[in-house]
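Enquirer: Would you be able to build a 3D model of this:
(chains A and B)
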Amino acid sequence: MKIFNQLLLIVISICFLWSCIKDEKWVGRNKLNINTNDLCFEELVFISNEGNFMYGNASLSLYNKTTHEIINNVFYQQNGVCLGDVAQSMQIRNGLLYVVVNNSGKIYVLNLGKYPHLPAFEYVGKITKLTSPRYIHFLNDTKAYVTDLYAKSITIFNPETLKITGKIDVNNHKSKFYQHPTEQMVQYKNLIFTNCWSYDNKILVIDSDKDQIIDSIEVGIQPTSLCIDKYDKIWTITDGGYKGSPYGHEAPSLYCIDAETRKIEKTFTFKFGDWPSEVCLNGTKDTLYFINNDIWQIPVTANKMPQEPFIPYKKTKYYGLTVDPYNSNVYLADAIDYVQPGVVYRYSSTANPIDTFRVGIIPGAFCFK
Amino acid sequence: MFFFVLFIFAIANDGLTQIKDTVKINEVIIWENYILHQKQTGVKRQKLDTLVLSSLASNSLSQVLSENTPIFIKSYGRGSMASASFRGTAPSHTKVLWNDIEINNPMLGMVDFSLIPTWFIDDVSIAYGAASLQKTTGALGGSIELNNKAQWNKGWNFHTLTSLGEYHTYDQFFSGNYSTKKWSVKTKTFYSSSKNDFKFINHDIILSVDLSDGKKTHPKQTQTQAEYEKYGLMQELYYRASEKDIISTKIWWQKSDRNLPMLSSDEKNDRKEIEDEIKLNNFNKQYDQSVRAVAKWKHYESNLQYTTNLGYIFSNLDYFYDVRLYDGTITRRIDSKSTVNSCFAKTNLSFDLGPKTKFYSTYNFQMHKVDSKETVNKTQYEKSRTEMNLMLNAEHYWTKNLIQNVSLQAPVTDGNIDPLIWVAGLQYQRIEKNVFRIQTNFTKNFHRPTLNDLYFQPGGNADLKHEKGYTGEIDLGYSIISLGAKLDLDATYYQSKIKDWILWLPNGNRGYWEPMNVKKVETKGLELKAKLNGKINTKIQYKLIANYAITKSINCGDKYGEEDLSYKKQLPYIPKKSANVIASVIWKNTNLLTHFNYYSRRYTTTSNESNTLRDYLYSCYINNVSLSQSFVLFSKLKAKLQIKINNVFDEKYRSILQRPMPGRNYTILIDFKL
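Expert: Presented below is the predicted three-dimensional model:
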């Protein structure tokens, strides 16, 4: 029986196992500590990776155009904290990088030189209590707008103090749908134009002196993105909704709107069932790019669509697109299966492949200084 | 507190030894032969130990399964949704049957195990792989069978259990039974609520930074928006119409009201800097309500058994997400409501075709009607589906020890004939002083897409194909009785191929997800089980149950382009290794019980990175200990006082990214039986 007693004791002891792995061990591990004086902004591309919705696995990547070096997880490595849930967009302003973390309801502010004694990407502040922030537009050093998918308002904050200073009401009481969900912004004189995508069809016009909506432009169903060219023409591309949508389903279109008159000047209509997105411009703002399965390029002065795509479809669904303002290189984001680190393809302005590099999960937005 | 409890135990033991008017009889141990406890040959079943069920009566079934079986439970937090992965498959590939009717939600395909109170269940059987086909189809991993049982001729019985735990947790359970030789009536109720306000240091948020040197602090937070309240009633009625006929009805009504906590990185809400006060700018809530009813007639003859079941399930799920607008008003951003009505009819007939052949057949009919709507975006679908299935099963004894089993099933969905399902099994067993068994089976099974997969707006894909599974397994069992102890050993190896695995993926920039038949998945694994029970002397009994599983669930589908790194990698959130051990020592009226639970690393990406904390969830080792003392207060009134320490070593762990779990916590349980 003594053997049994001993056996029992051993077995019960084995049951009590525990690990010593704790979150704290990750803090400070592989810390980047990049000196901001070493950053050559003309050579750098900042990439935000959305991560999976409700996983909290967004991240930030840094790519060097000259050396082709890629550093992933720069926020995590520098700060020992996850970036959050769905990194939507970024802006650089006055030596700071502003990262909008959509489903965490915050904007992280990181050092890119404003605090020379601190390393690059070091956390220096945040704006919180936002509902579903999407994009930032800086009006001046003390005023910026943040659009929002759910808040029915645009948040105004002071970049110097990082305090919220006001809201612009964009609530559409007349609609039976949840409107207006504001997205990207472009500026013409003192006017800010913002597209309303989800279950909406408007481009809102905001007077930035009065912080009020003064007008709206009706386009097709669900304008996805927005840009303004060298001739002050605003471009937006709609996705046309989806099959069975209570808001309607139509052929998507590319619209050219005159910023001064706010009238639609040109419309290019796609096939019913197409899904174009991500309209953007090159550095000289004279050539337009967008995704419609393939990647398309069109001069802003053109009156008809090209026959051949700029970069053909490559057995994968392109998720993000941007054009380098310095050299018009094209960066294409591929989310692969959306649950693994994505890939960015870099092409020259003449569609020759230059580089392919792996970033974080669902690369969505790019930023150049 | 701890010493106070010890003191009570000491007094109680002392007091009980002084009871002189008790007639002592010699103890008799009856061994259950679990190797031979099979309903069907060639397949693997596991019946959960009654000690386990009674020790976890105040918990949900999610805890019972994670601590006692190789099934992996993915929990979104304490009291939050818990889904199962059985043999490396998806949650919808685990079917759950309550008294032979399927309780998986036909919209989602899965079961939320956090909403099944163990208190309501008398018997839990795990049907691995092919074993599930005896009662249901589509369980590519396996099925979990929950049953209620009648008591006969016991008169009145009452049982109450009160549980008081940390985080403002209160559970109250009651059951009352009355039985004669002909009638048995059982009523069970429960009420559970918790504020779930445990504290944790939130490393996913930066509280403050010192701009002179970049030093950061993290908030010590109290979990918010994690409250839950659940309550339910179960009524059972059994009538023995004759020596050969039993008629029964069971009704199970349940309601739950849960807040769903935000991710730990969330900063939408106005949280006062260190603690508690929080002004909610965003919050979401889920209400579940269900009524399940089943009527059964069972008829026995010496070589024939006939059963008919009729069932009905109504379930209602409301989810909403509210946001505070700039002017302070609250508006509803998501308002999703779904109602499911399901009807079931099932007949079983089993009889002997001569001395060596047994025949078993089942006809199963199910009809589901779903109404799902989201009133803010105004999306909705209303669909119904009819499923029928005829199963024929024959079992032949080639010798006393060698048994062969063949089963064929012809399923029909909405009038369309589906591919045949089949099982072929072979079992050899030798019953002498020790028992040895070897069995093997090969199966073809399929899983229908859920109604959300087909019709959800936006994204539902009506062109989806069934997921098809091919499985082979071999199982060895050995039982030995020696030196007053019994040791059962079991080892199983299985391998499956699942084609047309359905996965929801974002469709480019469309802003919503779509299900597609994209994956080919190979699962294989090893399941080991050991069970030892016996006694050291007349006063001390012990029991040890250990499970260990290796699960490989590998993506073998076509690559998404050249850059896809997911090929031949483990599916996310499925641990390669898992183990659990239960050790129990009973000394007189005192019982010390330990539960140990281990999961290896779980990846959160299909490419299995380990670069940062968010790429995987590190392995966790959770220990729970309970000490209980039984008393006899009056002649029939028995009481039990139990103290439980959950997460003894204060392990910091998560089951899902950014969903913190509570540290060490205590619960006191008081139990009365009359």
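
Enquirer: how about residue 102, what does it touch?
Expert: Since no chain was named, I'll use chain A. A:E50, A:D85, A:V86, A:A87, A:Q88, A:S132, A:P133, A:R134, A:L149 (C-beta atoms under 8 Å, 6 or more residues apart in numbering or on different chains). Heads up, the C-betas are built off the backbone N, CA and C, glycines and all.

Enquirer: you looked at the wrong chain, it should be chain B
Expert: B:K95, B:V96, B:T136, B:F344, B:Q366.

Enquirer: from the contacts of A:N102, which single one is nearest chain B?
Expert: Proximity of those to chain B (C-beta to the nearest C-beta) peaks at A:D85, which lies at 5.5 Å.

Enquirer: Read off the pLDDT value for the closest one.
Expert: A:D85 is assigned 96 on the pLDDT scale.

Enquirer: Which of the three states applies to B:K149?
Expert: The assignment at B:K149 comes out as coil when based on DSSP: H, G, I helix; E, B strand; the rest coil.

Enquirer: Name the residues of the stretch 451-600 of chain B found near chain A, please.
Expert: With the criterion set to C-beta under 8 Å from any C-beta of the partner chain, the stretch 451-600 of chain B comes near chain A through B:457-458, B:483, B:485, B:505-512, B:534, B:536-537, B:542, B:544, B:560-561, B:563-566, B:572, B:581, B:583, B:585, B:594, B:596, B:598.

Enquirer: are any of these buried, and which?
Expert: Restricting these to buried positions leaves B:457-458, B:485, B:505-511, B:534, B:536, B:542, B:544, B:560, B:563-566, B:572, B:581, B:583, B:585, B:594, B:596, B:598, with burial counted as 16 or more other C-beta atoms under 10 Å in any protein chain shown.

Enquirer: how about low-confidence regions in chain B?
Expert: For chain B, the stretches flagged by pLDDT under 70 are B:1-40, B:271-278, B:508-509.

Enquirer: residue furthest from the geometric center of it?
Expert: Going by C-alpha atoms, centre = their mean, the residue of chain B most distant from its centre is B:S212, 52.1 Å out.

Enquirer: Relative to A:V124, how far out is that residue?
Expert: 11 Å (C-beta to C-beta, to the nearest Å).

Enquirer: Which of the contacts of B:E102 ranks first by neighbour count?
Expert: Among the contacts of B:E102, the one with the most neighbours (other C-beta atoms under 10 Å in any protein chain shown) is B:K95, at 26 neighbours.

Enquirer: For it, grab phi and psi.
Expert: Dihedral pair for B:K95: phi -100, psi 140, per degrees, to the nearest 10.

Enquirer: cool, B:F113 as well?
Expert: Phi and psi for B:F113, reported as degrees, to the nearest 10, are phi -70, psi -20.

Enquirer: Look up the closest residue to it, ignoring the ones flanking it.
Expert: Distance criterion C-beta to C-beta, 6 or more residues apart in numbering or on different chains; nearest residue to B:F113, sequence neighbours excluded, is B:S62 at 3.8 Å.

Enquirer: which ones are touching the one you found?
Expert: B:I73, B:S75, B:A82, B:F113, B:S114, B:I116.

Enquirer: Past the one helix or strand it maps to, which element shows up next along the chain?
Expert: Assessed by DSSP states H and E, B:S62 sits inside helix B:61-68. Following helix B:61-68 in sequence order, the next helix or strand is strand B:72-75 (DSSP H and E).

Enquirer: Run through who's touching that next one.
Expert: Applying C-beta under 8 Å, 6+ apart, the contact partners of strand B:72-75 are B:62-63, B:65-66, B:81-86, B:91, B:113-114, B:551, B:573-575, B:578, B:599, B:655-656, B:661.

Enquirer: 10 Å - rerun?
Expert: B:60-67, B:81-88, B:91, B:113-114, B:141, B:549, B:551, B:553, B:573-575, B:578, B:597, B:599, B:602, B:654-656, B:659, B:661 (C-beta atoms under 10 Å, 6 or more residues apart in numbering or on different chains).

Enquirer: now the helices for chain A?
Expert: Listed in chain order, the helices of chain A (DSSP state H) span A:2-15, A:74-79.

Enquirer: swap in chain B?
Expert: Assigned by DSSP H, chain B shows helices spanning B:2-17, B:50-55, B:61-68, B:451-455.

Enquirer: which helices and strands sit right next to the last one?
Expert: Read that as helix B:451-455. Counting contacts by 3 or more C-beta pairs under 10 Å, 6 or more residues apart in numbering or on different chains; DSSP states H and E, helix B:451-455 packs against strand B:330-352, strand B:357-374, strand B:379-397, strand B:485-506, strand B:513-535.

Enquirer: got a markdown table for the ones you listed, with distance to B:G155 too?
Expert: A markdown table is the format used below for those (distance: least, C-beta to C-beta, whole Å):
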| stretch | distance to B:G155 |
| --- | --- |
| strand B:330-352 | 32 |
| strand B:357-374 | 36 |
| strand B:379-397 | 40 |
| strand B:485-506 | 33 |
| strand B:513-535 | 31 |
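
Enquirer: Ok, which of those strands comes nearest A:N327?
Expert: Of all the helices and strands packed on helix B:451-455, it is strand B:485-506 that lies closest to A:N327, at 30.7 Å by C-beta to C-beta.

Enquirer: can you give me how far the closest one is from the chain middle?
Expert: On the basis of C-alpha atoms, centre = their mean, to the nearest Å, strand B:485-506 sits 16 Å off its chain's mean C-alpha point.

Enquirer: Stretch B:224-232 now?
Expert: Counting by C-alpha atoms, centre = their mean, stretch B:224-232 comes out at 19 Å from the chain centroid.

Enquirer: That one and chain A in contact?
Expert: No - shown here: stretch B:224-232 not in contact with chain A (C-beta under 10 Å from any C-beta of the partner chain), separated by at least 13.7 Å.

Enquirer: could I get that stretch in PDB with only the CA atoms?
Expert: Only the C-alpha atoms of stretch B:224-232 are listed here, as PDB (Å, rounded to 0.1, in the frame of the first residue of the first chain):
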ATOM      1  CA  THR B 224     -16.200  45.800 -17.800                       C
ATOM      2  CA  GLN B 225     -19.200  44.900 -19.900                       C
ATOM      3  CA  ALA B 226     -18.800  41.300 -19.100                       C
ATOM      4  CA  GLU B 227     -21.800  40.800 -16.900                       C
ATOM      5  CA  TYR B 228     -24.100  37.900 -17.500                       C
ATOM      6  CA  GLU B 229     -27.300  36.500 -16.100                       C
ATOM      7  CA  LYS B 230     -28.700  33.100 -17.100                       C
ATOM      8  CA  TYR B 231     -31.700  31.200 -15.800                       C
ATOM      9  CA  GLY B 232     -33.600  28.200 -16.900                       C
END
